[in-house]
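Engineer: fold the following and give me the result.
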Amino acid sequence: MILITDELTEGTRIDLYLAEVMPAFSRSKIQTLIKSGKILVNNIARKPSYTLRTGDVIKLDSAAEIARIEPENIPLEIVWEDENMAVINKPSGMLTHPTGRETSGTLVNALLYKYGEKLSDINGEFRRGIVHRLDRNTSGLIMIAKNNKTHEYLAEQIKERKFSKKYIAVVRGVIEQDEFIINSSIGRNPRQPQKMEINKDGKESFTAVKVLERFNEATLLELELITGRTHQIRVHLASIGHPVYNDTLYGFGKVKIKTEEQVLESYKLEFTRPFSDEIISLEIPPDKKFQKVLKVLREG
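Structural biologist: Numbers count the residues shown, from 1 in each chain. Below you'll find the predicted structure:
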């Protein structure tokens with residue numbers, strides 16, 4: 001089995017990453033496999049603490065089998081598709097792909113039911129078809145590759161920044177400046193591995209911010225990812241004192257509007273259709289969660 005890491009995996013310890021994609025094995029078992037040379041990175045034996053980089057090739061010997069992910073008949077909202085790819089409107093509350101703790105009810109389970117084995121497997125069985133991902137509680141547009149050649153094509157667009165992804169978010173507090181760019185390096189929090197943080201030794205990260213509407217104690221923003229780090233928008237906005245509404249992981253605190261998830265949606269995508277010169281531009285309206293929050297804020 002071969003896995004190729006992407007930008008969203010970068011900065012993660014290899015034992016933590018493999019614990020996510022190999023639920024049949026405990027973390028201690030994975031550490032043993034790494035130490036015994038049954039798991040190699042770029043054909044080199046590494047320590048369990050090795051920090052992954054984009055493009056690392058992880059080879060697992062037959063002793064390290066990946067659990068099978070079962071197809072599930074979960075409805076999908078397909079916004080656009082052709083023979084090579086699809087764009088799905090992922091609902092908030094749904095994991096993009098299975099983890100060591102959850103192997104059911106994810107977008108990948110639904111994709112396997114819809115498309116069968118005709119999905120890219122560059123990122124492994126647990127991430128079939130997944131080119132980039134959205135947090136569980138972030139809704140909106142996500143690209144799916146139906147084959148490896150398409151996956152590589154789309155990944156190259158993302159890497160070369162020839163791909164536009166915009167979000168809308170409601171944040172705490174009133175932002176006075178109309179437009180600006182947040183430029184702060186992001187790395188993994190060593191004390192809480194599930195969390196990212198502003199870190200001078202992390203990866204350079206840029207988020208373009210535009211104010212769409214101001215309320216008494218909140219602001220509606222459009223955000224464009226110039227880079228694509230894990231939790232980038234959430235970390236960047238928290239770092240300037242304006243966390244996303246209901247994002248308790250990054251400091252929102254007491255929830256003022258009762259929705260279960262952070263108020264963040266991937267609402268615009270623009271990319272080049274694989275193997276052509278056609279530019280595809282897609283946009284979706286705010287979901288019900290978003291509309292509920294905006295209604296409350298507009299009513300004061």
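Engineer: pLDDT below threshold where in the stretch 201-300 of the chain?
Structural biologist: For the stretch 201-300 of the chain, the stretches flagged by pLDDT under 70 are 254-260.
Engineer: ranges for the helices of it?
Structural biologist: Along the stretch 201-300 of the chain, the stretches classed as helices by DSSP state H, counting those that start in this stretch are 232-239, 288-298.
Engineer: any chance of the ones you listed in a markdown table, plus distance to Asn183 and mean neighbour count?
Structural biologist: All C-beta spots, glycine's among them, are computed from the backbone N, C-alpha and C. Shown next, in a markdown table, are these (distance: least, Cβ to Cβ, whole Å; neighbours: other Cβ atoms under 10 Å):
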| stretch | distance to Asn183 | mean neighbour count |
| --- | --- | --- |
| helix 232-239 | 9 | 24 |
| helix 288-298 | 27 | 16 |
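Engineer: nearest to Lys210, out of the ones you listed?
Structural biologist: helix 232-239 (12.8 Å; Cβ to Cβ).
Engineer: for Ile2, find the nearest of the helices of the stretch 201-300 of the chain.
Structural biologist: When the helices of the stretch 201-300 of the chain are compared by Cβ to Cβ, helix 232-239 sits nearest Ile2, at 27.5 Å.
Engineer: which secondary structure elements does that closest one sit against?
Structural biologist: Helix 232-239 makes packing contacts with strand 164-172, strand 179-183, strand 186-188, strand 196-198, strand 206-214, strand 218-225 when contacts are defined by 3 or more Cβ pairs under 8 Å, 6 or more residues apart in numbering; DSSP states H and E.
Engineer: mind giving me the packing neighbours of the third one?
Structural biologist: Just to be clear, that refers to strand 186-188. In this structure, strand 186-188 makes packing contacts with strand 196-198, helix 232-239, judged by 3+ Cβ pairs under 8 Å, 6+ apart.
Engineer: same deal with the last one?
Structural biologist: Contacts defined by 3+ Cβ pairs under 8 Å, 6+ apart place strand 218-225 against strand 164-172, strand 206-214, helix 232-239, helix 288-298.
Engineer: Ser239 is nearest to which of the helices and strands packed on helix 232-239?
Structural biologist: strand 196-198 (4.9 Å).
Engineer: strands paired with that closest one, and their directions?
Structural biologist: Partners of strand 196-198 in the sheet, by DSSP bridges, are strand 186-188 (antiparallel).
Engineer: centre of the chain versus the strand it pairs with, how much separation?
Structural biologist: Its chain's C-alpha centre and that of strand 186-188 lie 14 Å apart, by Cα atoms, centre = their mean, to the nearest Å.
Engineer: next one: stretch 166-182
Structural biologist: Centroid separation between stretch 166-182 and its chain, computed with Cα atoms, centre = their mean, is 20 Å.
Engineer: list the buried residues of stretch 53-61.
Structural biologist: 56, 58, 60 (16 or more other Cβ atoms under 10 Å).
Engineer: same question for that stretch, mean pLDDT?
Structural biologist: What stretch 53-61 shows for mean pLDDT is 84.
Engineer: now do stretch 118-134
Structural biologist: Regarding stretch 118-134, the rounded mean pLDDT is 86.
Engineer: next, the distance between the ends of it.
Structural biologist: The first residue of stretch 118-134 is 21 Å away from its last residue (Cα to Cα, to the nearest Å).
Engineer: before we move on, back to that, so which of the helices and strands packed on strand 218-225 comes closest to Ile14?
Structural biologist: helix 232-239 (22.0 Å).
Engineer: what's the angle from the closest one to strand 179-183?
Structural biologist: For helix 232-239 against strand 179-183, the angle by axes from the mean of the first three to the mean of the last three Cα atoms, to 10 degrees is 100 degrees.
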